[in-house]
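# Can you look at this prediction? I've put the sequence above it.
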2 protein chains.
Amino acid sequence: MDKPDASLRSFLGYDLKRAFAVIQSDVNAVLQPFGLRMVTFSVLVIICDNPRLRQTQLAEILLIERPNLVAILDELEHAGAVVRVRAPDDRRAHELSATLQGQQTCDRALEAVRDHDARMTNGLDKNQREALHTALRVVQSNGRSVDDRRKIPRS
Amino acid sequence: MDKPDASLRSFLGYDLKRAFAVIQSDVNAVLQPFGLRMVTFSVLVIICDNPRLRQTQLAEILLIERPNLVAILDELEHAGAVVRVRAPDDRRAHELSATLQGQQTCDRALEAVRDHDARMTNGLDKNQREALHTALRVVQSNGRSVDDRRKIPRS
DNA sequence: TATTGTTATACTCTATAACTATA
DNA sequence: TATAGTTATAGAGTATAACAATA
């Protein structure tokens, strides 16, 4: 057959999975010169945009489980991009902030990823790019709510 | 901040990852009554649509590494949905075919996933749904070619 | 008691090398 | 010598339970 996956091509999950695989691979290659991966990049951007954020809040924003955030922050802290500071008002919590170097890395990485995004949407005009983002958010909002999903143990 | 991830929201990778996470979780829930997961569903559909396909070809179509396909096919074979038959002309190869039961499961699962897709794109009209698929394929084609990607060892 | 960050752990997914049987 | 399927294995990514420090 010429298109052996024609049936699957009509499904959103199939196209989404393949498009995401392509993007993730590419973005990781783009971020490698900055010593970043897709996750560490996302975490760094959130920390730069939201100074003194705490780990629990960061985990909620990025839908990462708290335990899994620990190694990611260790990586960024060892690289000198972010610091964990004991919160003065609650000595259990850590306030996360980017170092000057972390902010510079973040700015440059943001630019590189923006350029990459433009390349990945090459062939789509501005309206089509916006429509793509809009559609992806509609899909997200049509999913079961976080509360609903919590009731179903795995996957 | 009201939208702490506003910067990331402009990136395709971010929206794609979150949209795919929602879809995958939902689709797996939809497929559970059929004893299928997203991967086993995809494999079953390809086998139903392409009788006597060989494992290497199947792996290429779905971008799965050959070794990782083995357990997936074991799962489907133990469930009685597909069979591996020695190729008469090449006794190294396996020809994959769906059993009658496998075809019935496939048909019913296809319908369920089609319904689910309609729910996930609720709020988008027909043109917008088509535009979404088109855009996702443009993104895929803008990624580095498979040959290029092979030159870069890991993600 | 409850919460923050952490450790330990387990399960899935993915990727590579090397084996076997056939060609 | 090469190929098809397989095994073993290692690395990510992700999820849960339980602990120490603090509230």
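Cool, got the structure.
# show me where chain A has strands.
A:53-54, A:82-87, A:90-98 (DSSP state E).
# Quick one: the helices in chain A, in order.
Assigned by DSSP state H, the helices in chain A fall at A:6-9, A:12-31, A:38-49, A:55-62, A:66-78, A:100-120, A:126-142, A:146-151.
# quick one on the thing from earlier: the strands of chain A into CSV, with extra columns for mean neighbour count and distance to residue B:48?
In short, each C-beta sits where N, CA and C put it, glycine included. Below are the strands of chain A laid out as CSV (neighbours: other CB atoms under 10 Å in any protein chain shown; distance: least, CB to CB, whole Å):
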stretch, mean neighbour count, distance to residue B:48
strand A:53-54, 18, 49
strand A:82-87, 15, 50
strand A:90-98, 16, 50
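# Relative to DNA strand D, which of these is closest?
strand A:90-98 (3.3 Å; CB to the nearest atom of the strand).
# That closest one: partners in the sheet, and parallel or antiparallel?
strand A:53-54 (antiparallel), strand A:82-87 (antiparallel) (DSSP bridges).
# now check the longest one, is it near DNA strand D?
No. Using CB under 7 Å from any atom of the strand, strand A:82-87 stays clear of DNA strand D, with a minimum separation of 7.7 Å.
# gap between that strand and the chain center?
21 Å (CA atoms, centre = their mean, to the nearest Å).
# Pick out the residue closest to the middle of chain A.
Nearest to the geometric centre of chain A sits residue A:42, at 4.2 Å (CA atoms, centre = their mean).
# looking at chain A, which helix or strand is least sure?
helix A:146-151 (a mean of 44; mean pLDDT, DSSP states H and E).
# and residue A:3, what is it in contact with?
Going by CB atoms under 8 Å, 6 or more residues apart in numbering or on different chains, residue A:3 touches residue A:9.
# one more time with 7 Å, if that's ok
Contacts for residue A:3 (CB atoms under 7 Å, 6 or more residues apart in numbering or on different chains) come out as none.
# Quick check: chain neighbours aside, which residue is closest to residue A:38?
Distances taken as CB to CB, 6 or more residues apart in numbering or on different chains place residue A:27 nearest to residue A:38, at 5.4 Å, with adjacent residues excluded.
# Tell me if I'm right that the one you found and residue A:115 touch.
No. Contact status for residue A:27 versus residue A:115: not in contact, 11.2 Å apart, counting by CB atoms under 7 Å.
# Please say which of the two ends up with more neighbours.
Higher neighbour count among residue A:27 and residue A:115: residue A:27, with 26 against 11, using other CB atoms under 10 Å in any protein chain shown.
# and the more buried one, how far is that from DNA strand D?
11 Å (CB to the nearest atom of the strand, to the nearest Å).
# From residue A:34, how far off is the residue nearest to residue A:38?
11 Å (CB to CB, to the nearest Å).
# ok, now residue A:56?
Counting by CB to CB, the separation of residue A:56 from residue A:34 is 27 Å.
# Among the helices of chain A, which comes closest to residue B:16?
Comparing these against residue B:16 with CB to CB, the closest turns out to be helix A:12-31 (4.4 Å).
# How far off centre is that closest one?
12 Å.
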